[in-house]
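Engineer: following is a predicted model, sequence given first.
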Amino acid sequence: MKDETYGALIEPIAVMALERDRDILPRTAALLQEKMGFWWTGFYIVEDRLGDWKNLETGVAPEQVKDEEIPSGKGPWMVLGPSVGPPACERIRYGRGVCGTAWAEKRTVVVPDVDEFPGHIACSSETRSEIVVPVFRDGEVVGVLDIDSREPANFDGVDAVWLERIAALVSSVLA
């Protein structure tokens, strides 16, 4: 069932990617949210890749990050991009929480129970499980696709495979 639903999402997202549709991120988040019934779906974008989103208000000063916390050549933050669902954290540090871990380790992170993930950033107390998929451009993480569920252990390898395909399609807009 999951495979069929994800499969139906690939074509419209691929068309947007071919057209280099700048609205691919909010539309992809909305499609995933609507068709898959997730609690929260959105993108975090590595700060130096923000492009048109540079004017986002964030409320956390980058100068609060200590120099030793920033790996060589890495900006310290991901900033909330297009998302669907309740309010979410505006900024996430490199290596922090599930999103920052996926960024730092350059891999998809599936968390069956967010309460058991060390350093989990609780943007919503209703989130029970989470999957975060890096979005790569030229071998570097330029953002992540973050999805939360109110159900424990809601994500598995099937989600990871399809969401990695979707992340590859949307990467074209994060130059």
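Structural biologist: Arrived safely. Numbering: from 1, shown residues only.

Engineer: sticking with the most centrally placed residue in the chain, tell me its helix or strand.
Structural biologist: Closest to where the C-alpha atoms of the chain average out (Cα atoms, centre = their mean) is residue 145, at 2.2 Å. Using DSSP states H and E, residue 145 sits in strand 140-149.

Engineer: right, and the helix or strand after that strand?
Structural biologist: Moving toward the C-terminus from strand 140-149, the next helix or strand (DSSP H and E) is helix 157-170.

Engineer: contacts for that next one?
Structural biologist: Helix 157-170 is contacted by residues 2-3, 6-7, 9-10, 13-14, 16-17, 24-25, 28, 32, 43, 108, 110, 131, 133-136, 145, 147 when judged by Cβ atoms under 8 Å, 6 or more residues apart in numbering. C-beta: built from backbone N, CA, C; applies to glycine.

Engineer: in helices, which of those fall?
Structural biologist: 2-3, 6-7, 9-10, 13-14, 16-17, 24-25, 28, 32 (DSSP state H).

Engineer: out of those residues, name the two that are farthest from one another.
Structural biologist: Using Cβ to Cβ, these span at most 23.6 Å, a distance reached by 3 and 25.

Engineer: more neighbours, these two?
Structural biologist: Taking other Cβ atoms under 10 Å, residue 3 and residue 25 do not tie; residue 25 has more neighbours (23 against 10).

Engineer: so the more buried one makes contact with residue 81?
Structural biologist: Yes - with contacts counted by Cβ atoms under 8 Å, residue 25 reaches residue 81, the gap being 5.8 Å.

Engineer: now do the shared contacts for the two.
Structural biologist: residue 43.

Engineer: any stretches of the chain with poor pLDDT?
Structural biologist: Applying pLDDT under 70 to the chain flags the ranges 49-75, 175.

Engineer: go again using 90 as the cut-off
Structural biologist: 1, 19-22, 47-77, 89, 114-115, 117-127, 172-175 (pLDDT under 90).
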